[in-house]
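Visitor: show me the folded form of this:
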Amino acid sequence: MKQSAVDNEFALEAVPSTNRRGFWKMLVVMLGFTFFSASMWSGGTLGNGLTFTQFILIVLAGNLILGLYTGALAYIAANTGLSTHLLARYAFGEKGSYVSSFMLAATQVGWFGVGAAMFALPVQKVTGVNEYLLVFLVGILMTATAYFGMKALVILSFIAVPSITVLGSISVYNATESIGGFSSLFDYQPPEMIGLAAALTICVGSFISGGTLTPDFTRFAKTKKTAVITTLVAFFIGNSLMFIFGAIGAISTGESDISEVMFIQGLIIPAIIILGLNIWTTNDNALYASGLGFSNITKISKNKLVIFNGLVGTVFALWLNNNFVGWLTFLGSTLPAIGAIILADYFILNKGKYNDFKAMTFKPVNWIALAAWGIGILLATYVPGIPPLNAIIGSAVVYIIMMKFVGRDKDGVIGTEKVS
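Guide: Numbering: from 1, shown residues only. Here you go, the predicted model:
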């Protein structure tokens, strides 16, 4: 019997070894995920608010944090074959994982909306076509390709990744020439400074949502080494490139919006094509991940949920686009704790090994995990420092301590699961 499309995505089970992918296919998928025009926009915001030396240090530190965080999650995914949402059942319990799945999936729908608007608005500026009509058409087209899952992501990424690298490099060359050469970047003084903690929050927050969903893609890696290396390259090198492209353009033009930069540089037509394709790959990743999240909750086919999520993201696209920086701050305070708790549960409490997913009967809710998540959000919101780091470190420490001292069952076993 022919296997159905939804089975091929393994939304509710581990990916078997026969469906795993090699290094290069995984690399282009992960680069297609992180090569996102919104990261250029975040880079532009930082470029307008930091000296270039400060910018380089913030981007390297922020993307190193992202790389280590996502690389550890990628290792777990390749070892188990499980998505973020299925991994969350071990720490949060089956129904407890629905809460984290909802938050993660909803934010990916939000990112889809931001991406759709970022594609449509430059087209509107050039063509004069109604922006609402363009957002609708873009949203429908992106949703259609996301329906086909990982195969479509690989094909789109193979085209988009080299294209955006070439376009970004041309933009950077034009920008540096316009301000008197590369050395002039280090003489730049921003008109209004951004605090370093706020800058690091923007850098980490720009992809902490997607980063937490790294397992949704790296579960297809043939080896743990492939999963970790491709993830580190994508988040530390790939995402840093996006920030650099955005920052240098912003320094030369004063515009943080990458489409405005390209318009000023006379690159708007190739930008519409290439940035559009670049946004397309990341938006398809976002819809794919959101479909897996809501499938974990509803048990409805991922493909059906992709269609619904695409429509919702399209409807709210312009609102999300107009509230972008606030959206990043929200993500930076609420989402890192989810991944931190999964990491703490796997590496510390379970010593790097989970029982086979098919053999598990999960407890409904682990209230300790939900409490640790809530404490992580409070630490990110109210404790001085760097909010994403506060959330990651604080929630992990609280979770480990509470599970060891409060989370033992009547047999003295720590965890949310038992073998059926």
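Visitor: what segments of this protein are strands?
Guide: With strands called from DSSP state E, the chain shows them at 360-362, 417-419.
Visitor: among the ones you listed, which gets the worst mean confidence?
Guide: Ranked by mean pLDDT, these end with strand 417-419 at the bottom, a mean of 53.
Visitor: just the buried residues of stretch 53-71, please?
Guide: Across stretch 53-71, burial judged by 16 or more other Cβ atoms under 10 Å covers 54-56, 58-59, 61-63, 65-67, 69-71. For every residue, glycine as well, the C-beta is placed using N, CA and C.
Visitor: contacting residues around Tyr246?
Guide: Check again: residue 246 is Gly, not Tyr. Shown in contact with Gly246 (Cβ atoms under 8 Å, 6 or more residues apart in numbering): 39-47, 256, 258, 261.
Visitor: no, scratch that, I was asking about Val312
Guide: 109, 113.
Visitor: what distance do you get for it to Ala116?
Guide: For Val312, the distance to Ala116 equals 11 Å [Cβ to Cβ, to the nearest Å].
Visitor: tally of neighbours for Lys225?
Guide: 12 (other Cβ atoms under 10 Å).
Visitor: swap in Ile375?
Guide: For Ile375, using other Cβ under 10 Å, the count is 18.
Visitor: verify the stated contact: it with Ala391.
Guide: No - in this structure, Ile375 is not within contact of Ala391 by Cβ atoms under 8 Å, at 9.1 Å.
Visitor: for Ile338, what are its contacts?
Guide: Going by Cβ under 8 Å, 6+ apart, the list of residues near Ile338 reads 84, 88, 100, 103-104, 212, 373.
Visitor: could you dump these to TSV with pLDDT and distance to Ile155?
Guide: Formatted as TSV, the contacts of Ile338 follow (pLDDT from 0 to 100; distance: Cβ to Cβ, whole Å):
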residue	pLDDT	distance to Ile155
Thr84	96	24
Ala88	96	29
Ser100	93	30
Met103	90	30
Leu104	90	25
Thr212	92	25
Trp373	96	36
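Visitor: between the residues you listed, which is nearest Asn19?
Guide: Nearest to Asn19 among these, counting by Cβ to Cβ, is Thr84 at 18.0 Å.
Visitor: who's in contact with that closest one?
Guide: Contacts of Thr84 by Cβ under 8 Å, 6+ apart are 73, 77, 104, 212-216, 289, 292-293, 338-339, 342.
Visitor: so of the residues you listed, which ones are in helices?
Guide: 73, 77, 104, 212, 215-216, 289, 292-293, 338-339, 342 (DSSP state H).
Visitor: what about stretch 228-244, start to end distance?
Guide: This stretch, stretch 228-244, spans 23 Å end to end (Cα to Cα, to the nearest Å).
Visitor: other residues contacting that stretch?
Guide: 23, 26-27, 29-31, 33-37, 39-40, 42-43, 46, 55, 59-60, 63-64, 66-67, 70-71, 73-75, 78, 165, 168, 172, 203, 206-207, 211, 214, 218, 221.
Visitor: pLDDT-wise, what's the bottom of the contacts of Gly246?
Guide: Minimum pLDDT for those is recorded at Ile258 (77).
Visitor: pull the contacting residues for that one.
Guide: By Cβ under 8 Å, 6+ apart, the neighbours of Ile258 are 37, 40-41, 44, 245-246, 249, 271, 275.
Visitor: for these, give me JSON lines that also has distance to Ser301.
Guide: Formatted as JSON lines, those follow (distance: Cβ to Cβ, whole Å):
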{"residue": "Ser37", "distance to Ser301": "30"}
{"residue": "Met40", "distance to Ser301": "34"}
{"residue": "Trp41", "distance to Ser301": "33"}
{"residue": "Gly44", "distance to Ser301": "39"}
{"residue": "Phe245", "distance to Ser301": "37"}
{"residue": "Gly246", "distance to Ser301": "37"}
{"residue": "Gly249", "distance to Ser301": "41"}
{"residue": "Ala271", "distance to Ser301": "36"}
{"residue": "Leu275", "distance to Ser301": "31"}
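Visitor: re earlier: what would the contacts of Thr84 look like in TSV with distance to Pro122?
Guide: As requested, these are exported to TSV (distance: Cβ to Cβ, whole Å):
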residue	distance to Pro122
Leu73	33
Ala77	35
Leu104	29
Thr212	29
Leu213	27
Thr214	29
Pro215	33
Asp216	29
Ala289	25
Leu292	30
Gly293	30
Ile338	33
Gly339	33
Ile342	37
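Visitor: nearest to Asn303, of these?
Guide: For the contacts of Thr84, the nearest to Asn303 is Leu292 (10.9 Å; Cβ to Cβ).
Visitor: for that closest one, grab the count of nearby residues.
Guide: By other Cβ under 10 Å, the residues close to Leu292 number 29.
Visitor: in this structure it contacts Asp216, no?
Guide: Yes - taking contacts as Cβ under 8 Å, Leu292 lies within contact range of Asp216: 5.4 Å.
Visitor: can you check which residues contact both of those two?
Guide: Shared contacts of Leu292 and Asp216 (Cβ under 8 Å, 6+ apart): 83-85.
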